[in-house]
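A.B. asks: Give me a model of this one.
(one chain, ligands or ions: 1)
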Amino acid sequence: MKTVTVVGASLAGLYAARELRAQGFDGRLVVVGAEPHHPYDRPPLSKGFLTGDCAEPQLALSDTEEAAQLDAEWILGTRARALDARGRTVVLDNGRTPASDGVVIATGAFARRLPGPALTGVHTLRTLDDARALRRDLIHGPRRVVVIGGGFIGAETASSCVSLGHDVTVVEAAPLPLATQLGAEMASVCAALHARGGARLLTGVEVAALRGAGPTTLGGGAVTAVELSDGRLLPADVVVVGIGAAPNTGWLTGSPLALDDGVLCDEGCVTTLPQVVAVGDVARVGGFRAEHWTSATEQPRVAVRNLLARRTVETARPLPYFWSDQYGSRLQFAGRRREGDTVRVVEGSPDASDGDGFLAVYERAGRTTAILALDRTRLFTKARRALMAAAATDREAERERDEEGEREAEREREAERQAEYREDAARAS
Ligand SMILES: Cc1cc2nc3c(=O)[nH]c(=O)nc-3n(C[C@H](O)[C@H](O)[C@H](O)COP(=O)(O)OP(=O)(O)OC[C@H]3O[C@@H](n4cnc5c(N)ncnc54)[C@H](O)[C@@H]3O)c2cc1C
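C.D. replies: The predicted model follows:
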């Protein structure tokens, strides 16, 4: 391959660029990013960056020395607009069209917004620019902050706002936040962290509208309150909309790639075109799309190997893992929990009031499917390692079963060929 274009200059894009060089690609490497910034880390944006514990330079994922080693052409502040029918030309919104032998799609996800006119004081939190704008609104004295959505980013933002001394209310439409990810029992443990930390949590109620006053250049004025579907009005100076993210696939509409809640890939991150792979938050790998830091850093190795081989020579099903820091506690989760799994606390106590943390395991048919820990980092790391080893053994057994199945099928085909041969021979004699 002479030219590879990586679209998306963030975590997964940077890791893909590193892998390309590490795996021997010595051709032209182009990295295109919609944001004007070099790759930076997003997890601190809702945590230390908001609270002021993490300064902007600390967000950088790379440095000038590495940039020189990667020898890549960075085209920043420029959006890819399309991918041609053969998956070889990326069309940029500055009119350039880098022709490529291989393309890595790493365009991540964008924060969902609420409909309605733009109001000052209303924020989403996905990018550095989002975080800068929110931080600017949070440095002026105690404010009434309403966080819409009690997912991980909502909870972390609420926690950061509490620690800055603001009055914080979290509004969650579901009966319990995080129930889809953690199951009802453990989700209620996490929900209790809000009360422990000093934020109000309102559940089972939707936002009907955002109220604003005084027109501004944005059109809708400054936010004054959040109106709930049950008629309540929450006065607000700052609103953070944390209602999830959606994959950045709009630019691929009309390309031959299959899109459905992400770019569809096989388990080797290869799309429907062998010279195009997808990684990170935008990629739906083997039917599963993760929005976790660790997936974005693990997928590029396999994706790049397959890209350079021009076919899937390696698959990877890394065990999903994420962490979240809220109200001074660290939450960690690994594995694939499904509806109906039972959950068992094996260490500590989930009672938020004792603050000692716990480790819980999710089980199905006597086997561990996932693990969750609160403030039990060492134990969690051990349990995660064991879960990864068990998953690797299962995969090996599955591979052996597949190979044996293939051998058995070949034996049957051979037996049929022999039988046909004998019949032909009998007819001929
Ligand atoms: C506030 C916040 C806190 C988080 N905290 C945690 C955490 O505690 N733990 C955890 O596991 N994960 C966390 N995450 C998730 C983690 O940061 C993501 O999984 C990770 O950033 C995904 O990396 P990515 O490169 O796939 O996508 P992104 O980081 O979204 O990067 C995609 C890049 O592609 C660019 N792009 C989009 N479209 C185009 C286009 N058409 N042309 C060119 N460029 C384009 C975007 O501008 C962006 O720069 C957090 C995320 C956020 C936002």
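A.B. asks: Smallest distance to the ligand belongs to which residue of the stretch 151-300 of the chain?
C.D. replies: G280 (2.1 Å; Cβ to the nearest ligand atom). To be clear about C-beta, it is placed using only N, CA and C from the backbone, and glycine gets the same treatment.
A.B. asks: Please name the residues that touch the residue nearest to that residue when sequence neighbours are not counted.
C.D. replies: Of all residues not flanking G280 in the chain, A12 sits nearest, at 2.8 Å (Cβ to Cβ, 6 or more residues apart in numbering). By Cβ atoms under 8 Å, 6 or more residues apart in numbering, the contact set of A12 is 106, 108, 279-283, 296-297, 299-300.
A.B. asks: tell me the SS of A12?
C.D. replies: Put simply, A12 is helix when judged by DSSP: H, G, I helix; E, B strand; the rest coil.
A.B. asks: what's the spacing between it and T5?
C.D. replies: Applying Cβ to Cβ, to the nearest Å, the value for A12 to T5 is 14 Å.
A.B. asks: Same check on R144?
C.D. replies: Using Cβ to Cβ, we find R144 at a distance of 46 Å from T5.
A.B. asks: who's more crowded, these two?
C.D. replies: Neighbour comparison, R144 and T5: the larger count goes to T5, with 26 against 17 (by other Cβ atoms under 10 Å).
A.B. asks: Which helix or which strand is home to the more buried one?
C.D. replies: In this assignment (DSSP states H and E), T5 forms part of strand 3-7.
A.B. asks: okay, that strand in CSV with CA atoms only?
C.D. replies: C-alpha atoms of strand 3-7 as CSV (Å, rounded to 0.1, in the frame of the first residue of the first chain):
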residue,chain,number,x,y,z
THR,A,3,-1.2,5.8,0.9
VAL,A,4,-3.4,5.2,3.9
THR,A,5,-5.8,7.8,5.1
VAL,A,6,-7.0,7.8,8.6
VAL,A,7,-10.3,9.8,9.0
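A.B. asks: How about it and the ligand, any contact?
C.D. replies: Yes. Using Cβ under 6 Å from any ligand atom, strand 3-7 comes into contact with the ligand via V7.
A.B. asks: Pull the residues that contact that strand.
C.D. replies: With contacts defined as Cβ under 8 Å, 6+ apart, strand 3-7 is touched by 13, 16-17, 20, 25, 27-32, 72, 80, 90, 98-107, 307.
A.B. asks: among those residues, which are within reach of the ligand?
C.D. replies: 13, 32, 80, 106-107.
A.B. asks: Dump the residues you listed into CSV; add neighbour count, pLDDT and distance to Q58 as well.
C.D. replies: Output for the ones next to the ligand among the contacts of strand 3-7, formatted as CSV (neighbours: other Cβ atoms under 10 Å; pLDDT from 0 to 100; distance: Cβ to Cβ, whole Å):
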residue, neighbour count, pLDDT, distance to Q58
G13, 27, 98, 20
V32, 26, 98, 25
A80, 24, 97, 29
A106, 32, 98, 22
T107, 31, 98, 25
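A.B. asks: avg pLDDT for stretch 206-214?
C.D. replies: In this model, stretch 206-214 has an average pLDDT of 92.
A.B. asks: Not counting its neighbours along the chain, what's nearest the residue in the stretch 101-250 of the chain that the ligand sits nearest to?
C.D. replies: Among all residues of the stretch 101-250 of the chain, G108 sits closest to the ligand, at 2.2 Å; criterion: Cβ to the nearest ligand atom. Nearest-residue entry for G108: D281, 4.4 Å, with adjacent residues in sequence omitted and distances by Cβ to Cβ, 6+ apart.
A.B. asks: Next: R337.
C.D. replies: In space, and not counting its chain neighbours, R337 is closest to A370: 4.1 Å by Cβ to Cβ, 6+ apart.
A.B. asks: now do R143
C.D. replies: Distances taken as Cβ to Cβ, 6+ apart place D237 nearest to R143, at 4.1 Å, with adjacent residues excluded.
A.B. asks: Let me see the ranges of the helices in the protein.
C.D. replies: Counting by DSSP state H, the segments of the chain that form helices are 11-22, 48-51, 64-70, 128-138, 152-163, 179-197, 293-309, 377-428.
A.B. asks: which residues does the closest residue to V168 other than its chain neighbours contact?
C.D. replies: The shortest distance from V168 to any non-neighbouring residue, by Cβ to Cβ, 6+ apart, is to A199 (4.2 Å). Counting by Cβ under 8 Å, 6+ apart, A199 touches 147, 158-159, 161-162, 168-170.
A.B. asks: confidence score at E406?
C.D. replies: pLDDT at E406 comes out at 82.
A.B. asks: Look through the stretch 301-429 of the chain and state the residue closest to the ligand.
C.D. replies: Nearest to the ligand, among the residues of the stretch 301-429 of the chain, is F322, at 3.6 Å (Cβ to the nearest ligand atom).
A.B. asks: Tell me how many other residues surround that residue.
C.D. replies: F322, neighbours per other Cβ under 10 Å, totals 17.
A.B. asks: Next up, the contacts around it.
C.D. replies: 152, 292-294, 332-333.
A.B. asks: do the same with R211
C.D. replies: R211 touches 223-227, 233, counting by Cβ under 8 Å, 6+ apart.
A.B. asks: Which among the residues you listed count as buried?
C.D. replies: Among the contacts of R211, those classed as buried by 16 or more other Cβ atoms under 10 Å are 223-226.
A.B. asks: May I ask which two of those residues are separated the most?
C.D. replies: T224 and V226 (9.1 Å; Cβ to Cβ).
A.B. asks: Enumerate the beta-bridge partners assigned to the closest residue to L202 other than its chain neighbours.
C.D. replies: Leaving out its chain neighbours, the residue that sits closest to L202 by Cβ to Cβ, 6+ apart is V171, at 5.1 Å. Beta-bridge pairing for V171 (DSSP bridges): I148, L202.
A.B. asks: I figured V171 hits V145, correct?
C.D. replies: No. Assessed by Cβ atoms under 8 Å, V171 is found out of contact with V145, at 11.2 Å.
A.B. asks: Identify all residues paired with the residue nearest to D260 when sequence neighbours are not counted through a beta bridge.
C.D. replies: Leaving aside its chain neighbours, D260 sits nearest to R284 (6.9 Å; criterion: Cβ to Cβ, 6+ apart). Counting by DSSP bridges, R284 forms beta bridges with L264.
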